[in-house]
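Participant: Give me the fold of what follows.
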Amino acid sequence: MPSQRDPKLLLKDLGGLALYYPGAWAMNHMPRRGLTAAARVGASAVRRMELHDPAVAREELQRLFGDRPMPASDKVILKEALRLAMFNELEVLRYPWLDPSTIDTVCELEGREHLDAALSRGKGAIILIGHFGANQMIMPALGHVGYTMNQLSAPPTVWADILRDTRTTPMWEKVLERRWQLEQRLPVRHINVFEFLRPAYQCLERNEVLGLAFDGGGGTRWTQVKLVDRLANVSTQPAQLWRATGAALLPTVVVRQTGTVRHRVIIEPPLAWQERRDKAEALQVNMQAFVDRFGAWVARYPDHYLHFMLMRRRVRGTDVVPFFPDYPPAEDALSSEDAAQRLKDAGDRS
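Facilitator: Coordinates of the predicted model:
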């Protein structure tokens, strides 16, 4: 376990504890527009204390865009990404406050007609997302307006086991436990991705909504896709689930533009399954079709995805398959076999 005498790690953990315990009360009693000011202050503090590395962030952006033009300067993107990440973190503390009477003040739901049309087929709907913006707001945005929402994911506490040798401290474990408590207040049935996936199939059989992310670190089979101008390794699990159930697959993103307080939850029209004789090719082609849709949003709003990209770079040494294959080598990186065993052990404990 890493030493909590590391000044930067200690500052992060103390800030997390303050935010998730006494800070939660303040956030739930603050006017919504106050979150913007609080996020600005928090982002400024992170910059002053040098808790992130701007050079690494710029490198990730350059690798993502290659020769393509960015929608803004890297300085502006980094600044907005930090503010957005802080805003979204503060938003988690307000999950218990959300209900059918308050959700409209937080989320604007666009493309609901696509979801209703998908459910009219009677085979359920897969809301496929990436860790883009406040992606978790999809759960209350749908759950609080009457959809039966299920989410296939891992509890946050699993990270304490995965990063036991490099990041985990007792204070951070308390933060992860508190975050999991708050996520369980959302109007959704959580399906643990480390357990049997039968509940995921069953909820679609009942014509319900299933949310899952394409860019998580779990999985047993992967394929390679082009995300903006960068190759990425992604699990084929979403495509396998889509094909096996016949459910509609709806790409969905959450966008919050600078200066606004409401999130836009945007449900896009469904993708059509593209059949191929070769199974592996079919999985790749259909995952690429989704990533093409998703990548258009990333290219337009890279500040919504940069925080996640930096996280995936930090954990590349413990990933079974690194998200981007062009990462610089990680010190003390686990072999794929050891990483898979650690992930399995963490899942068993979760």
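
Participant: how near is the residue nearest to residue 204 when sequence neighbours are not counted to residue 258?
Facilitator: Distances taken as C-beta to C-beta, 6 or more residues apart in numbering place residue 124 nearest to residue 204, at 3.2 Å, with adjacent residues excluded. Backbone N, C-alpha and C define where each C-beta goes, glycine included. Applying C-beta to C-beta, to the nearest Å, the value for residue 124 to residue 258 is 36 Å.

Participant: ok, now residue 302?
Facilitator: Relative to residue 258, and taking C-beta to C-beta, residue 302 is found at 13 Å.

Participant: Enumerate every residue touching the residue nearest to residue 204.
Facilitator: Neighbouring residues of residue 124 by C-beta atoms under 8 Å, 6 or more residues apart in numbering: 203-210, 245, 247-248.

Participant: how about the helices in the protein?
Facilitator: For the chain, the helices identified by DSSP state H occupy 7-20, 22-28, 34-48, 54-65, 74-92, 112-119, 138-143, 158-162, 170-183, 198-205, 237-245, 279-300, 306-314, 336-349, in order along the chain.

Participant: Which of those sits closest to residue 219?
Facilitator: When the helices of the chain are ranked by distance to residue 219, counting by C-beta to C-beta, first place goes to helix 237-245 at 5.4 Å.

Participant: Buried ones in the closest one, by neighbour count?
Facilitator: 237-243, 245 (16 or more other C-beta atoms under 10 Å).

Participant: most centrally placed residue in the chain?
Facilitator: Residue closest to the mean C-alpha point of the chain, counted by C-alpha atoms, centre = their mean, is residue 131 at 2.5 Å.

Participant: Is it in contact with residue 304, as I believe?
Facilitator: No - judged on C-beta atoms under 8 Å, residue 131 makes no contact with residue 304 at a distance of 9.4 Å.

Participant: With adjacent residues omitted, what lies nearest to residue 107?
Facilitator: If you skip the residues right next to it in sequence, residue 107 has residue 141 as its closest partner in space, 4.1 Å away by C-beta to C-beta, 6+ apart.

Participant: What residues does the one you found make contact with?
Facilitator: Going by C-beta under 8 Å, 6+ apart, residue 141 touches 103, 106-107, 109, 263, 265.

Participant: thinking again about what came up before, comparing the helices of the chain, which comes out most buried?
Facilitator: For the helices of the chain, ranked by mean neighbour count under the definition mean count of other C-beta atoms under 10 Å, the leader is helix 138-143 at a mean of 25.

Participant: For that helix, list the C-alpha coordinates in CSV.
Facilitator: These are the backbone C-alpha positions of helix 138-143, laid out as CSV (Å, rounded to 0.1, in the frame of the first residue of the first chain):
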residue,chain,number,x,y,z
ILE,A,138,-28.3,9.0,-17.5
MET,A,139,-29.5,6.8,-14.7
PRO,A,140,-31.6,9.4,-12.8
ALA,A,141,-32.6,11.1,-16.0
LEU,A,142,-34.3,8.0,-17.2
GLY,A,143,-35.2,6.3,-13.9
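
Participant: From the chain's centre, how far out is that helix? Work that out for me.
Facilitator: Using C-alpha atoms, centre = their mean, to the nearest Å, the distance from the centre of helix 138-143 to the centre of the chain it belongs to is 15 Å.

Participant: for stretch 343-350, same thing?
Facilitator: Average the C-alpha atoms of stretch 343-350, do the same for its chain, and the two points are 20 Å apart (C-alpha atoms, centre = their mean).

Participant: hmm, who's touching that stretch?
Facilitator: The set of residues external to stretch 343-350 that reach it, using C-beta under 8 Å, 6+ apart, is 154-155, 157-158, 161-162, 192-195, 217-218, 320.

Participant: In ChimeraX, how would I select the buried members of those residues?
Facilitator: Filtering the contacts of stretch 343-350 down to the buried ones (16+ other C-beta under 10 Å) takes a single ChimeraX command:
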select :154,155,157,158,161,162,193,194,217,218,320
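
Participant: out of the contacts of stretch 343-350, who's nearest residue 58?
Facilitator: Among the contacts of stretch 343-350, and counting by C-beta to C-beta, the member closest to residue 58 is residue 217, at 23.7 Å.

Participant: Tell me how far the closest one lies from residue 44.
Facilitator: On the measure of C-beta to C-beta, residue 217 and residue 44 end up 31 Å apart.

Participant: try residue 322
Facilitator: Distance of residue 322 to residue 44, given as C-beta to C-beta: 32 Å.

Participant: what bridges to residue 151?
Facilitator: Beta-bridge pairing of residue 151, defined through DSSP bridges, involves residue 190, residue 211.

Participant: now residue 195: how far from residue 135?
Facilitator: 22 Å.

Participant: Repeat that for residue 288.
Facilitator: The separation that residue 288 has from residue 135, given C-beta to C-beta, amounts to 20 Å.

Participant: In contact with residue 100, which residues?
Facilitator: By C-beta under 8 Å, 6+ apart, residue 100 lies in contact with 144-145.

Participant: Kindly recompute the last result at 6 Å.
Facilitator: Residue 100 makes contact with residue 144, according to C-beta atoms under 6 Å, 6 or more residues apart in numbering.
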